[in-house]
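Participant: Mind looking at a prediction? Sequence and model below.
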Amino acid sequence: MVTALAFVLVFGLLTTFHEVGHFTVAKLMGIRVEEFGIGFGTQIFSHKRGETLYSLRLLPLGGFVKMSGEDTPAPSDARSYNNKSVLTRIAVIAAGPFMNLVLAVILFGLIFFISGVPEQAPLVGGIIADSPAQGAGLQIGDEVLSINGQEVETWEQMALSIQEGAGERIRLTVARQDETFIVELRPEPDPETGINLIGVERVIRRYRPLTSVYYGFLQTVEAAIFIITMLAGMITGRIAPELSGPVGIIQTVGEAARTGFLDVLFLAAILSINIALFNFFPIPMLDGGQLLFLTVEGIRGKPLRPEQEGFFRFIGILLLLLLLVAVTYSDITRLLLS
């Protein structure tokens, strides 16, 4: 029950933000929006305000924005979607995945506001009792300058140098106020993970909401670059393919819901970035496919013929179905073997 509720809330949030992007830009560009719907299936609630019907559907998995003239061209209607310029229509389509990126920034910013932002510098924010760090005399506020003579500038570099020590004694050059000194200690493996640790905790700084959103933006950019790099590696064969479909996503959301609210927010942010990037793929039936058609129309000065566009949409549907079958098979196989 918890898994189902968490999945509906997370997926509903992601799709709602996506559709809000299309809806908002369409309104700003003067396009008549006939209906803004959340979910699919039987209508359980509706309210008409102005020229737009706002509806809530039975299945809260997705949403849609119905714009005038989107499916049936209306040559005499200046506010019809198809009568707007190519750039206007590109802005409307691109606004959906763009809003998913905005949502990721907001979610990361909320996480950082609640839990704080980890300091990048290799500063000691806490000492674990009876740890090698406590035995060596390290104190809160100390800054690690180098390990075994190799300079470290970030917490990640320091952690990696410690982990690679294979349990041997290491020499830390430490700065404390105006003093610099050297300590020697032997990392100890974590009982659960087996990773070598010295028993220091990272400095966590808390910021005001706007500053937290700024760090949320940086985290979104970093996560997007990482995802793109991983996808490029999978496409070129440098990295083994590892994709998740609906089954895997539901399982992951359920696990996050059981571990805590912040984990759900983090997962939602990552999924939102994935949805944004996936929708930018030039596959018909996705926003990226629409952007491709509009780009071709802008170059040619006229749209593709209906039969041409229909053929590419059919190919796009086949590709998406094949991808769905492949990732679902992978998810189920992984569940059976785990």
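Facilitator: Structure's in. What do you need? Numbers count the residues shown, from 1 in each chain.
Participant: Contact partners for residue 106?
Facilitator: Taking Cβ atoms under 8 Å, 6 or more residues apart in numbering as the contact definition, residue 106 lies against 213, 216. Where you see a C-beta, it was placed from the backbone N, CA and C, and this is true even at glycine.
Participant: what helix or strand does it sit in?
Facilitator: Taking DSSP states H and E as the definition, residue 106 sits inside helix 86-115.
Participant: so for that helix, what's the average pLDDT?
Facilitator: Over the span of helix 86-115, the pLDDT mean works out to 95.
Participant: What's the first helix or strand after it?
Facilitator: Downstream of helix 86-115, the first helix or strand assigned by DSSP H and E is strand 117-118.
Participant: What is the helix or strand following that following strand packed up against?
Facilitator: Per DSSP H and E, strand 117-118 leads on to strand 124-127 as the next helix or strand towards the C-terminus. The criterion is 3 or more Cβ pairs under 8 Å, 6 or more residues apart in numbering; DSSP states H and E, and the helices and strands that strand 124-127 contacts are helix 132-135, strand 200-202.
Participant: Now strand 124-127: average pLDDT?
Facilitator: Predicted confidence along strand 124-127 averages 92 (mean pLDDT).
Participant: re earlier: chain center to the helix holding residue 106, what's the gap?
Facilitator: The chain centroid and the centroid of helix 86-115 are separated by 10 Å under Cα atoms, centre = their mean, to the nearest Å.
Participant: just stretch 288-305 next, same as before
Facilitator: From the chain centre to the centre of stretch 288-305 is a distance of 28 Å (Cα atoms, centre = their mean).
Participant: Could I get the CA-only coordinates of it as PDB?
Facilitator: Below are the C-alpha coordinates for stretch 288-305, written out as PDB (Å, rounded to 0.1, in the frame of the first residue of the first chain):
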ATOM      1  CA  GLY A 288      11.700  15.300 -28.700                       C
ATOM      2  CA  GLY A 289       9.900  13.800 -31.700                       C
ATOM      3  CA  GLN A 290       7.600  16.800 -31.900                       C
ATOM      4  CA  LEU A 291      10.600  19.100 -31.700                       C
ATOM      5  CA  LEU A 292      12.300  17.200 -34.500                       C
ATOM      6  CA  PHE A 293       9.200  17.600 -36.700                       C
ATOM      7  CA  LEU A 294       9.000  21.300 -36.000                       C
ATOM      8  CA  THR A 295      12.700  21.800 -36.700                       C
ATOM      9  CA  VAL A 296      12.200  20.000 -40.100                       C
ATOM     10  CA  GLU A 297       9.200  22.300 -40.700                       C
ATOM     11  CA  GLY A 298      11.200  25.400 -39.900                       C
ATOM     12  CA  ILE A 299      14.000  24.300 -42.300                       C
ATOM     13  CA  ARG A 300      11.700  23.200 -45.200                       C
ATOM     14  CA  GLY A 301       9.200  26.100 -44.700                       C
ATOM     15  CA  LYS A 302       6.300  23.600 -44.600                       C
ATOM     16  CA  PRO A 303       5.300  20.600 -42.400                       C
ATOM     17  CA  LEU A 304       5.700  17.000 -43.300                       C
ATOM     18  CA  ARG A 305       2.700  15.400 -45.000                       C
END
